[in-house]
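Visitor: Model the structure of this input:
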Amino acid sequence: MSLLPNRFTSRVRFLTSSVVVLLVGMTMLFYFASQRYQVLFQQSELAHDVMLAYQDVSNLVLGKLNRMSAAVSSGSVDDQSVYFTDAIELRQTLSRIERLTRAEAALSGAGEPLPGVERFGEIERIAEEIIAASIRMRSALEAGRRSEAADEVARMRTDAVAGRLTVLIDSAVDAERTLAEQADAVASRLGRRIRIGLSIAILTVLGLGIVATRLISRSLNHAVDTLRTTALEYASGNFDFRTDDLYDAEFAELGDAFDRLGEQLGRRRDTERRSKAELESLVAERTQGLRETNEQLAQSDRVRRQLLADISHELRTPLTVIHGEAEMALRGQTKTSEEYKDSLNRIREQAMHTNRLVDDLLFVSRVEEGQTRLQTRSVAITGLLKGICSDFAIEAGKKQVRVIESYDDDFVVVSGDHDRLRQVFTILIDNALRYTEAGGSIWVSLERQDEGVEIRVRDNGMGISKEDAKQVFTRFYRGANAMSSTQGTGLGLPVAKAIVEAHRGRIYIDGEIGEGAVAVVWLPAEDSIRAIA
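Guide: Below is the predicted model of the structure:
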């Protein structure tokens, strides 16, 4: 091997080391300069904050004196809370000034408060004197001593108090402005030095880079031409081409990498040909799956449109009633309070009905989206069923329908939302009562199983067809018997199903036309918990 590559390597390393040293020096210089610049910037900010705080003190004092004058002129203090509020604000602003001046002293590195501490102390004393005078003025006005209150205000507005405070605040603001201007001036000089140093460093790096580029370019030309030829051969599909004439040590490894790349590309080409056939088969299979998915999406879209139509229909009726009742109440001659109350009660009933409908729809939607909100606790399910049956006793008696209860475990417990579970069995018993004629019976039973509990609500009413039993849990679906015999939205059973599934349970309806129907609910039970209903 010739000496050219060794000389080339030595020169490049020397230039690289020089650039690294220069960059490290520049980095350290800029780091310390930026730290100093940050301190100056903070000093300037603190000075501006102190100036603003002093201006706030001046405005607060002026406002307080104006309110004192207004109170003396009117002879009374209208808003007592204002005098306490502005005093608190004034003291808070003075505390903020004290904190900021301490921060200025700490930032300056002096370790002691900056000049002007005595001036701040006098400002604080005068402010407290004005606050005390406002308290005495208010007390004098409340006691009816208006002249004494006027004397307090006049004394506060003298040059010895208000005038002295104004002079002190102006002096403090001027001092802080001087500090801010000094910090800004030093920061400006530092910025100019940084810009000059940066320019020199950039020019130096550029010069070294140009020299290094000229040294590298001569060796790169041959290597780039060889590698370009290799790439073109690979692009044309000739993966057997090799880079044997890369003799410089700096690029020999790169040539070997290209050679290995050619071998890998050749093997990969053969693999891709085999994969192509497999991919075509997979695409055909996925295409069929997409067709089936599109059909399902089309069916879901049809269900969604029907759902929106049903919702619009169900909401239109109560809204129409509300609108009609409101027009009847507003139209014609003046009505009695009882007539207005009747209209408002009907409007309230329709609004409550609409609210329940929307709440049920939201709950079903949240269950379908996996965002169920349940207030879970231990629920004595037998006691819950007994309470619901007791609630329906009067209505069942009016229809001459018996409610027969049977529980094989009075202390079985499930983990769930008490109110939602009550809603489920209320819906089931209410449906059974609707479809059971006079003289009929409803059986409510509970049976404990190994891992859960099964509740059945059975009636001997008009029954349900097998087709309707499959569709009853569809929102707003109402079978032929339901539409001809009872009123309802067709949303009760879907809500019941959503609640049961949210409790990790199961529900289904079965029956025969003319032989009654049975609703079966299975819920997981707690193993080691017992509760008294």
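Visitor: Against K341, how distant is L330?
Guide: Note on L330: its distance to K341, by C-beta to C-beta, to the nearest Å, is 15 Å. (C-beta placed from N, C-alpha, C; glycine too.)
Visitor: ok, now S390?
Guide: Relative to K341, and taking C-beta to C-beta, S390 is found at 31 Å.
Visitor: how about the strands in the protein?
Guide: Taking DSSP state E as the criterion, the chain contains strands spanning 376-380, 402-407, 413-417, 441-448, 452-459, 506-511, 517-524.
Visitor: and the angle for the fifth one with strand 402-407?
Guide: Calculated by axes from the mean of the first three to the mean of the last three C-alpha atoms, to 10 degrees, strand 452-459 forms an angle of 170 degrees with strand 402-407.
Visitor: Just give the strands next to strand 452-459 in its sheet, each with its orientation.
Guide: strand 441-448 (antiparallel), strand 517-524 (antiparallel) (DSSP bridges).
Visitor: So the closest residue in space to A47 that isn't next to it in sequence versus R193, what's the distance?
Guide: Leaving out its chain neighbours, the residue that sits closest to A47 by C-beta to C-beta, 6 or more residues apart in numbering is A180, at 3.7 Å. A180 sits 21 Å away from R193, going by C-beta to C-beta.
Visitor: Then A351?
Guide: 75 Å.
Visitor: Ok, A133 next?
Guide: 54 Å.
Visitor: between those two, who's got more neighbours?
Guide: Under the criterion of other C-beta atoms under 10 Å, the comparison of A133 against R193 puts A133 first, with 20 against 12.
Visitor: my read: the more buried one touches R155, true?
Guide: Yes - the pair A133 and R155 qualifies as a contact (C-beta atoms under 8 Å) at a distance of 7.0 Å.
Visitor: so who does V401 touch?
Guide: Shown in contact with V401 (C-beta atoms under 8 Å, 6 or more residues apart in numbering): L433, T436, E437, A438, G439, G440, S441, I442.
Visitor: Show me those residues that map onto helices.
Guide: L433 (DSSP state H).
Visitor: Just the buried residues of the contacts of V401.
Guide: By neighbour count, with 16 or more other C-beta atoms under 10 Å, these hold L433, T436, G440, S441, I442 as buried.
Visitor: Return the member of those residues nearest to V520.
Guide: I442 (14.4 Å; C-beta to C-beta).
Visitor: Excluding chain neighbours, what is closest to V153?
Guide: M68 (4.8 Å).
Visitor: Run a quick neighbour tally on that neighbour.
Guide: 24.
Visitor: how close does it get to V61?
Guide: Taking C-beta to C-beta, one finds M68 at 11 Å from V61.
Visitor: check contacts around the closest residue to L179 other than its chain neighbours.
Guide: The spatial neighbour of L179 that comes closest, neighbours along the chain excluded (C-beta to C-beta, 6+ apart), is A47 at 4.5 Å. A47 makes contacts with E104, E176, R177, L179, A180, A183, as judged by C-beta under 8 Å, 6+ apart.
Visitor: Which members of the residues you listed are positioned in helices?
Guide: Per DSSP H, the contacts of A47 map to helices at E104, E176, R177, L179, A180, A183.
Visitor: OK, contacts around A172?
Guide: So A172 contacts V50, Y54, G116, R119, F120, I123 (C-beta under 8 Å, 6+ apart).
Visitor: which residues sit in contact with the nearest residue to V161 once chain neighbours are set aside?
Guide: Leaving aside its sequence neighbours, V161 sits nearest to I126 (C-beta to C-beta, 6+ apart; 6.1 Å). By C-beta under 8 Å, 6+ apart, the contact set of I126 is V161, R164, L165, L168.
Visitor: Since that was my last question, I'll sign off now.
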